[in-house]
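the sequence and its predicted three-dimensional model are supplied below.
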Amino acid sequence: MSLDAEINRLARGLSKTLIAIRRDLHRYPELGFQEQRTSRKIVEILKAVGLDRVQGGVAKTGVVGVLQGSKRAAHTVALRADMDALPIMEANQVPYKSQTPGVMHACGHDGHVTLCLGAAMILKQIQARIPGAVKFIFQPAEELLDGARAMIRAGVLNNPDVEAIFGMHISPRVPYGVVGASAGPIMAAADMFTITVHGSGGHGAQPEKCADPIMIAHQIYSGIQGIERNLAGPDVRVISVCSLHAGTAFNIIPGTAEMMGTVRTYNVRVQDEIIRRMRAAVKGISGAHGVRCKLVYRKGVPATCNDARLVEIVHAAGHALKTPMGGNVLTMGGEDFSFYTQKVPGAFMELGVQKNLVQPAYHHCRFDFDERILAAGAAMMARCALLFLEQGGLGR
């Protein structure tokens with residue numbers, strides 16, 4: 001039996017086990033940096049699998065496992081899964097429905113953990129054929145966009161040093177069974193901003209005696225919404241004001257108004273230009289009205305960019321396993337997997353679970369998927385890691 005046939009056979013044999021693991025994780029979801037039970041469960045499974053090293057409590061609740069293959073001085077590749085759930089009340093009526101009020105796995109992270117555990121189970125069975133080491137990274141707090149940085153600070157890319165990293169995300173936007181991977185930017189940088197207008201309040205019947213912060217905020221809103229319209233070039237960008245708060249009564253002009261929003265970009269040059277123009281717009285409008293305005297701009301996760309060489313490995317792995325392949329669905333959403341790819345080359349795959357056009361999307365109270373896909377995802381993760389090592393890393 002060929003190695004690829006063996007991987008597929010092992011994955012199929014694990015299907016019921018993986019579904020049971022995913023349902024257990026789904027039943028007991030935990031928010032970012034609170035994944036205590038999830039962490040204990042992962043450690044328990046990895047130790048039962050027989051990995052060479054398993055460490056829990058990394059960056060509070062993260063877990064790292066290492067499987068050493070046949071050559072101890074050879075290359076090391078990492079597989080990453082995020083662990084945290086969302087503050088959403090589940091509406092699904094299923095036997096494995098969330099037992100934690102107001103918390104559910106509505107983004108597939110329970111599936112991601114299961115995929116990575118499945119890859120560990122598969123690779124353990126062929127350990128002697130692995131020409132290097134595989135590191136399994138189970139990361140907390142992706143939804144807070146801070147878990148990856150915490151894991152990196154804790155040293156998960158070292159000892160042994162990781163040369164490349166693969167991640168996989170369940171996707172209701174990709175047809176069921178298809179794995180998507182494209183080179184270059186696939187997810188946007190996700191930034192946050194707050195604009196506070198310090199006006200001068202007073203009676204609603206005497207606006208001439210006030211510096212109305214709501215009116216000034218409206219002008220700032222219009223000004224920053226026009227920025228992306230006037231930027232040249234094809235680079236996609238989004239500027240969204242998502243919150244505006246001011247006032248306490250129908251007849252009182254308030255003293256302050258506050259706006260919050262997000263900026264999404266793929267290109268650092270475009271990002272810098274938007275920041276410059278936002279500052280100019282706020283300064284110009286506040287100056288025209290003689291009031292003080294404060295813009296606080298916070299860069300969040302950078303754009304997620306797939307390494308072209310690793311994408312070739314992903315497609316080669318899919319071809320070997322006879323898995324249907326496609327490209328990533330380009331999105332303005334952000335992912336803190338991007339922090340890993342700032343340190344080492346990475347490839348982020350999408351595992352399609354779309355079966356109909358009305359299937360609930362990410363972060364929806366009815367998000368769910370056909371769990372039979374888990375075995376195929378685990379096989380792909382395992383084959384990508386193995387193929388990277390078989391090719392001698394990126395220095396081949």
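Looks like it came in fine.

with adjacent residues omitted, what lies nearest to residue 150?
Spatial nearest neighbour of residue 150, excluding adjacent residues (Cβ to Cβ, 6 or more residues apart in numbering): residue 59 at 3.8 Å. C-beta coordinates here come from the backbone N, C-alpha and C atoms, glycine included.

please apply the same query to residue 394.
That would be residue 309: by Cβ to Cβ, 6+ apart, it lies 5.5 Å from residue 394.

where is the longest strand in this protein?
strand 164-175 (DSSP state E).

give me the mean pLDDT for it.
For strand 164-175, mean pLDDT is 97.

buried set for that strand?
Residues of strand 164-175 classed as buried by neighbour count (16 or more other Cβ atoms under 10 Å): 164-172, 174.

the residue nearest to residue 394 and residue 338, how far apart?
Going from residue 309 to residue 338 by Cβ to Cβ, to the nearest Å gives 18 Å.

got it, and residue 287?
Taken as Cβ to Cβ, the span from residue 287 to residue 338 is 36 Å.

not counting its own residues, what contacts stretch 261-280?
Stretch 261-280 has contacts (Cβ atoms under 8 Å, 6 or more residues apart in numbering) with 185, 188-193, 224, 227-228, 231, 233, 235-243, 295, 297, 299, 303, 332, 334.

of those, grab the buried ones for ChimeraX.
ChimeraX command restricting the contacts of stretch 261-280 to the buried ones, with burial defined by 16+ other Cβ under 10 Å:
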select :185,188,189,190,191,193,224,227,228,235,236,237,239,241,295,303,332,334
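
just the ones of the contacts of stretch 261-280 in strands?
Mapping the contacts of stretch 261-280 onto strands (DSSP E) picks out 185, 189-193, 237-243, 295, 297, 299.

sort the residues you listed by pLDDT and name the bottom one.
Lowest pLDDT among the ones in strands among the contacts of stretch 261-280: residue 237, 89.

what residue is smack in the middle of this protein?
residue 335 (3.0 Å; Cα atoms, centre = their mean).

so it touches residue 303, yeah?
No. With contacts counted by Cβ atoms under 8 Å, residue 335 stays clear of residue 303, the gap being 9.4 Å.

which neighbours do those two share?
Contact criterion Cβ under 8 Å, 6+ apart; residues shared by residue 335 and residue 303: residue 187.

show me what the longest helix along the chain is packed up against.
Ordering each helix of the chain by length in residues (DSSP state H) puts helix 3-27 first. Applying 3 or more Cβ pairs under 8 Å, 6 or more residues apart in numbering; DSSP states H and E, one finds that helix 3-27 contacts helix 36-49, helix 109-125, helix 308-321, helix 373-390.

and residue 89, which of the three is it?
coil (DSSP: H, G, I helix; E, B strand; the rest coil).

need the pLDDT of it.
98.

what do you get for residue 216?
So residue 216 comes in at 98 (pLDDT).

low-confidence regions, the stretch 1-150 of the chain specifically.
Within the stretch 1-150 of the chain, the ranges that satisfy pLDDT under 70 run 73.

just the element for residue 278, please.
Using DSSP states H and E, the element containing residue 278 is helix 268-289.

show me the protein divided up by domain.
According to automatic domain parsing, the chain comprises the domains 3-186+303-395, 189-301.

most tightly surrounded among those domains?
Highest mean neighbour count of these: domain 3-186+303-395, a mean of 20 (counted as mean count of other Cβ atoms under 10 Å).

just how off-centre is that one within its chain?
11 Å (Cα atoms, centre = their mean, to the nearest Å).

next, the distance between the ends of it.
With Cα to Cα, to the nearest Å as the measure, domain 3-186+303-395 spans 23 Å from end to end.

what of stretch 123-135?
One end of stretch 123-135 sits 11 Å from the other (Cα to Cα).

over to stretch 141-153?
Span of stretch 141-153 from end to end, Cα to Cα: 14 Å.

contacts for that stretch next, please.
By Cβ under 8 Å, 6+ apart, stretch 141-153 touches 31-33, 58-60, 62, 82-86, 107, 109, 137, 139-140, 190, 300-301, 334-340, 343.

try it again with 7 Å
The contact list for stretch 141-153 (Cβ atoms under 7 Å, 6 or more residues apart in numbering) reads 32-33, 58-59, 62, 82, 84, 86, 109, 137, 139-140, 190, 300-301, 334, 336-337, 339-340, 343.
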